[in-house]
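*Asks:* just need the structure, nothing else, for what follows:
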Amino acid sequence: MTESFRHSGEYHQQQSLPGHDGGTQGAYPPPPAHEPKPWGPPSGAHTGAHTGPPAAAPRRRLKGPAALLAAVAVAAAAVGGGTAYAVQTLTGHDGGTAAKNVNGTSVSAGSKGTVAGVAAAVSPSIVEINATTGSGESTGSGVIVTSDGEIVTNNHVVSGATSIAVRTSDGKTYQAETVGTDSKKDLALIKLKGASGLKAASLGDSDDVKVGDEVVAIGSPEGLTGTVTSGIVSALDRDVTVSADPGKGRERQGPGGGGGWPFEFGGQEFNGDTGASKTTYKALQTDASLNPGNSGGALIDMNGEVIGINSAMYAPSSGGGAGGSGDSGSVGLGFAIPVNTVKADLAKLRAGAAD
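*Replies:* Numbers count the residues shown, from 1 in each chain. Predicted structure coming up:
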């Protein structure tokens with residue numbers, strides 16, 4: 001819609017108008033019968049025969065930008081919120097709150113609920129951990145929980161370590177120290193030295209997890225940093241028993257060492273001898289592929305929230321017994337410590353627990 005506006009005095013007509021009181025036509029404009037009243041029409045306009053004031057004084061017509069603003073205001077009042085919606089739809093603007101991210105993650109709207117979207121959002125929050133002990137080296141994973149470098153992992157990944165090196169997803173390597181351990185829950189908290197600006201993972205609610213929910217696992221199996229696998233939650237509240245002995249349960253030892261990662265389930269031992277010192281916890285079961293090195297990594301729901309810390313998996317041993325290498329890989333029997341157990345234990349770990 002367009003409108004033309006003239007300044008005062010720009011009313012130009014090219015035809016003659018009837019004379020006053022039915023008189024003959026004459027030169028335009030015809031002289032008025034009397035001096036215009038203050039309430040009368042603009043100078044130069046035909047007044048007609050009526051000389052008395054109208055019932056109500058005519059409103060002064062707004063001209064120029066003021067009139068346009070008034071028209072827009074009336075239109076907006078008439079259509080209400082529909083105007084704003086139409087403008088946003090046509091121009092592509094929505095006040096700077098376009099749906100580019102989902103629930104505080106960097107998962108794009110187009111990738112919501114996809115493995116690729118979850119991997120892109122959470123991978124920067126997962127690290128590889130290399131622990132050196134008196135008996136060799138072990139490789140595991142961890143989850144960043146604060147931007148200054150607090151990392152949750154499994155106790156069996158770092159227990160007894162004399163030094164800990166951590167590599168982040170961008171390839172940077174940090175030295176770390178153990179802050180607290182809880183062997184009964186197979187959890188540990190370590191802290192990077194000199195770290196800042198890291199991306200902390202979002203911790204979800206494992207009580208909301210249901211059998212059949214899709215999940216993504218991220219970790220460093222066999223030292224392959226940032227490996228992503230996917231599957232479903234296969235079962236809840238599985239009683240899993242792992243070693244509480246610092247000398248047991250290594251993710252990966254040097255040449256000749258056991259492929260380890262022993263655990264017990266249903267009265268049977270898997271992946272080797274768990275030893276005399278053991279602990280049992282309730283775990284989420286998943287068929288997402290886990291391998292040695294995944295321990296301490298994240299099990300994630302499709303909203304990009306961590307729902308568990310991967311802790312044990314069954315790997316049929318080609319060599320058999322405690323010394324088997326476990327090189328047959330995952331067969332889809334993996335277990336994770338529920339994240340609510342982790343959250344309930346964080347204060348204790350931060351306080352420097354060592355049990």
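
*Asks:* quick check: closest non-adjacent residue to residue 237.
*Replies:* residue 282 (4.8 Å; CB to CB, 6 or more residues apart in numbering). (Glycine included, C-beta is placed from N, CA and C.)

*Asks:* the one you found - that's part of a strand, no?
*Replies:* Yes. Checked against DSSP: H, G, I helix; E, B strand; the rest coil, residue 282 lies within a strand.

*Asks:* surely it and residue 239 touch.
*Replies:* Yes. With contact defined as CB atoms under 8 Å, residue 282 reaches residue 239; the gap is 6.6 Å.

*Asks:* for the residue nearest to residue 237, give me its contacts.
*Replies:* 237, 238, 239, 240, 338, 341 (CB atoms under 8 Å, 6 or more residues apart in numbering).

*Asks:* what values do phi and psi take at residue 135?
*Replies:* phi -100, psi 0 (degrees, to the nearest 10).

*Asks:* let me fix that, I meant to ask about residue 116.
*Replies:* According to degrees, to the nearest 10, residue 116 has phi -60, psi -40.

*Asks:* what's the pLDDT at the residue nearest to residue 237?
*Replies:* Listed pLDDT for residue 282 reads 95.

*Asks:* how close does the closest residue to residue 291 other than its chain neighbours get to residue 334?
*Replies:* Excluding the flanking residues, the one nearest residue 291 by CB to CB, 6+ apart is residue 221, at 3.6 Å. Using CB to CB, to the nearest Å, residue 221 is found at 11 Å from residue 334.

*Asks:* again with residue 129
*Replies:* 18 Å.

*Asks:* now swap in residue 202 and tell me
*Replies:* The value you get for residue 202 to residue 334, if CB to CB is used, is 21 Å.

*Asks:* between these two, which one's more packed in?
*Replies:* residue 334 (29 against 18; other CB atoms under 10 Å).

*Asks:* assess the claim that that one and residue 292 are in contact.
*Replies:* No. Between residue 334 and residue 292 there is no contact under CB under 8 Å: 11.5 Å.

*Asks:* what touches both of these two?
*Replies:* residue 313.

*Asks:* any idea which of the contacts of residue 282 is closest to residue 165?
*Replies:* residue 341 (26.8 Å; CB to CB).

*Asks:* list the residues that contact that closest one.
*Replies:* Counted by CB under 8 Å, 6+ apart, residue 341 has contacts 185, 187, 206, 281, 282.

*Asks:* now the closest residue to residue 197 other than its chain neighbours: how far from residue 140?
*Replies:* Nearest residue to residue 197, sequence neighbours excluded (CB to CB, 6+ apart): residue 147, at 6.1 Å. According to CB to CB, residue 147 stands 22 Å off from residue 140.

*Asks:* same deal with residue 202?
*Replies:* Distance of residue 202 to residue 140, computed by CB to CB: 21 Å.

*Asks:* again, but for residue 195
*Replies:* Taking CB to CB, one finds residue 195 at 18 Å from residue 140.

*Asks:* of these two, which one has the most company?
*Replies:* Between residue 195 and residue 140, residue 140 has the larger neighbour count (other CB under 10 Å), namely 30 against 20.

*Asks:* mind checking the SS state of the closest residue to the more buried one other than its chain neighbours?
*Replies:* If the residues on either side of it in the chain are set aside, residue 140 comes closest to residue 157, at 3.3 Å by CB to CB, 6+ apart. Under three-state DSSP, residue 157 falls in the helix class.

*Asks:* please enumerate the helices of the chain.
*Replies:* 65-79, 81-91, 115-122, 155-158, 339-350 (DSSP state H).

*Asks:* worst mean pLDDT among those?
*Replies:* Taking the mean pLDDT of the helices of the chain, helix 81-91 comes last: a mean of 36.

*Asks:* can you give me the neighbour number for residue 303?
*Replies:* 18.

*Asks:* ok, now residue 344?
*Replies:* Neighbour count for residue 344, taken as other CB under 10 Å: 11.

*Asks:* tell me the mean pLDDT over stretch 137-151?
*Replies:* pLDDT averaged over stretch 137-151 gives 96.

*Asks:* show the pLDDT at residue 215.
*Replies:* Reported pLDDT for residue 215: 98.

*Asks:* correct me if wrong: it contacts residue 285.
*Replies:* No. Residue 215 sits out of contact with residue 285 when judged by CB under 8 Å, with a separation of 10.7 Å.

*Asks:* can you list residues touching both of the two?
*Replies:* residue 233.

*Asks:* returning to that earlier point: could you single out the nearest of the contacts of residue 341 to residue 354?
*Replies:* Of all the contacts of residue 341, residue 187 has the smallest distance to residue 354: 12.3 Å, by CB to CB.

*Asks:* show me what the closest one bridges to in the sheet.
*Replies:* residue 182 (DSSP bridges).

*Asks:* gap between it and residue 342?
*Replies:* Using CB to CB, we find residue 187 at a distance of 6 Å from residue 342.

*Asks:* likewise for residue 276?
*Replies:* Taking CB to CB as the measure, residue 276 falls 26 Å from residue 342.

*Asks:* done for today, thanks.
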